[in-house]
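S.K.: When you get a sec, could you give me coordinates for this:
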Amino acid sequence: VQLQASGGGLVQAGGSLRLSCIASGRIGSMFSMGWYRQAPGEQRGLVAAITSGGDTRYVDSVKGRFTISRDNAKSTVYLQMNSLQPEDTAVYSCWHGIPIGSTWRHYWGQGTLVTVSS
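M.R.: The predicted model follows:
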C-alpha cells in the first residue's frame, strides 16, 4: 500500500486547511483510514479515523473543528481542519489499516507539515 498525502502548509490561527491522502496498491476491501499527528517533542497520536462503513472517531481536542471523510471510489481520505490553533501545529501522517482476523496491518504515508501561527 502506498499513501500520498497533500494539503499541509502555513495558516494563521482561526484559519482552515484540508488534507488529502490517496491510497494505492493492495489496499484491501474493508479498510480504515485516518490521520495521526506528531508535534515537536511529543509522541504521535491519533487525530481522526474513519472505517469502511463511515464510522468516525476523533481525539477530543479536535472535535467540532475537524471533519474526516472518505471517497471510496477514489481510495482517498480527507481531513477538513477549521478553526486551527497553534497547538494544532504538527506533522500529520496518513494512516491506512487493513483488518486481518483479530489484528491489523498498518501502513503510513509521509508526513505533511501543518503550521499554525498565532
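S.K.: what secondary structure does Ser69 sit in?
M.R.: strand (DSSP: H, G, I helix; E, B strand; the rest coil).
S.K.: That should have said Leu46, apologies.
M.R.: What three-state DSSP gives for Leu46 is strand.
S.K.: what is it paired to in the beta sheet?
M.R.: Taking DSSP bridges, one finds Tyr36 as the beta-bridge partners of Leu46.
S.K.: doesn't Gly34 make contact with it?
M.R.: Yes - checked against CB atoms under 8 Å, the pair Leu46 and Gly34 is within contact range at 6.7 Å. In short, each C-beta sits where N, CA and C put it, glycine included.
S.K.: higher neighbour count, those two?
M.R.: With other CB atoms under 10 Å as the criterion, Leu46 and Gly34 differ in neighbour count, and Gly34 comes out ahead with 23 against 14.
S.K.: Just the C-alphas of the helix or strand containing that one, formatted as PDB.
M.R.: Remark: Gly34 resides in strand 32-38, with elements defined by DSSP states H and E. Extracted as PDB, the C-alpha positions of strand 32-38 are listed here (Å, rounded to 0.1, in the frame of the first residue of the first chain):
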ATOM      1  CA  SER A  32     -10.000   2.100   7.600                       C
ATOM      2  CA  MET A  33      -8.100   5.300   7.100                       C
ATOM      3  CA  GLY A  34      -7.100   8.300   9.200                       C
ATOM      4  CA  TRP A  35      -4.700  10.800  10.300                       C
ATOM      5  CA  TYR A  36      -2.100  10.900  13.100                       C
ATOM      6  CA  ARG A  37       0.000  13.900  14.100                       C
ATOM      7  CA  GLN A  38       3.200  14.400  15.900                       C
END
